[in-house]
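Asker: Give me a 3D structure for the following:
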Amino acid sequence: MACLMAAATMGGFALNLVTGRTSFAMPLLVHVHALVFMSWIALFLTQTWLVASKNVALHRRLGWLSLLLIPLMVVVGLLVHRWSMLDHGGPPFIAANEFLFGNPMQLLVFAGLASAAIALRRDTGWHRRLLLCAFADICGAGVGRLVPLPLVIPYAWWVNVGLTLVFPLMGMLADKRRHGVVHPAWWWGTGTVVAVLIAGEMIAYSAWGLRFTEWYLAGSPGAERPMEAFPPSM
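Answerer: Got it, this is the predicted structure:
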């Protein structure tokens, strides 16, 4: 499953590149962000391979790199999120207020699930499933580029997050088939993602959330876009 998630994530960005919807002409911060998140994917795949090859000792040593990588991902993720909001108001097919709150909240979900997985590293059942849920949660940026999200306005954000839950669902089905029951880690992981998604929506569409979004974008190029979602061609 790790390879599938990595392929889907990288495939989304590659598709945008070859179709001309993005380019390498981006600020340095965006490239740093890509490098940091690519490092996570590389580490995740390496760790999966080490476990499969029974090299548990090296797996444990390399695992400590995540203690540096996870907070770094949060920092650069929040910085790129801020740049995206102020530069162009975030993805046009997602409401500005929805993306302003929802995106960083899901990033923190990733950090929380990954940290919980590290804390529970001695319980391999919880450890690997929570890590898979954490990885799935940040796949949205790539997976969302594989589907025509503008066609599902105003539900693009829900669809984007929902697509990432396909991977934990696959894990649930595998558990059910192999063991007859679904491991509780899947429920905690997916439940956290869904709960934070709903909480983000409630905040974003509250009177305070709308006012905060207007204040946050005021005076920036991002303030020129409509608050609500719209097709990119507008």
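Asker: which residues does the residue nearest the centre of the chain contact?
Answerer: The centroid of the chain falls nearest to Ile138 when counting by C-alpha atoms, centre = their mean (1.9 Å). Listed by C-beta atoms under 8 Å, 6 or more residues apart in numbering, the contact partners of Ile138 are 9, 37, 40, 73, 106-107, 110, 164. Heads up, the C-betas are built off the backbone N, CA and C, glycines and all.
Asker: and if you look at Val161?
Answerer: Applying C-beta under 8 Å, 6+ apart, the residues near Val161 are 102, 106, 140, 193, 197.
Asker: tell me which element it is part of?
Answerer: helix 156-164 (DSSP states H and E).
Asker: re the thing from before, pipe the contacts of Ile138 into TSV and attach pLDDT and neighbour count per row.
Answerer: Converted to TSV, the contacts of Ile138 look like this (pLDDT from 0 to 100; neighbours: other C-beta atoms under 10 Å):
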residue	pLDDT	neighbour count
Thr9	87	25
Phe37	94	20
Trp40	94	21
Met73	97	21
Gln106	97	23
Leu107	98	18
Phe110	98	23
Thr164	95	25
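Asker: And those, which two are furthest apart?
Answerer: The span of these, defined through C-beta to C-beta, is set by Met73 and Thr164 at 15.7 Å.
Asker: per-residue confidence for the residue nearest to the centre of the chain?
Answerer: Note for Ile138: predicted pLDDT of 94.
Asker: do Met234 as well
Answerer: 49.
Asker: and what of Ser23?
Answerer: Reading off the model, Ser23 has pLDDT 68.
Asker: re earlier: how far does the helix holding Val161 sit from the chain's center?
Answerer: Centre-to-centre, helix 156-164 and its host chain are 10 Å apart (C-alpha atoms, centre = their mean, to the nearest Å).
Asker: Following element in sequence after it, please.
Answerer: Sequence-wise, the next helix or strand downstream of helix 156-164 (DSSP H and E) is helix 166-179.
Asker: Give me the buried positions along that next one.
Answerer: The neighbour-count check on helix 166-179 (16 or more other C-beta atoms under 10 Å) flags 167-168, 170-172, 175 as buried.
Asker: Out of these, which comes closest to His59?
Answerer: Gly171 (19.4 Å).
Asker: Verify the stated contact: the closest one with Met1.
Answerer: Yes - Gly171 sits in contact with Met1 when judged by C-beta atoms under 8 Å, with a separation of 6.5 Å.
Asker: Report the set of residues contacting both of the two.
Answerer: In contact with both Gly171 and Met1: Leu132, using C-beta under 8 Å, 6+ apart.
Asker: Could you tell me which of the contacts of Ile138 belong to helices?
Answerer: Using DSSP state H, the subset of those located in helices is 9, 37, 40, 73, 106-107, 110, 164.
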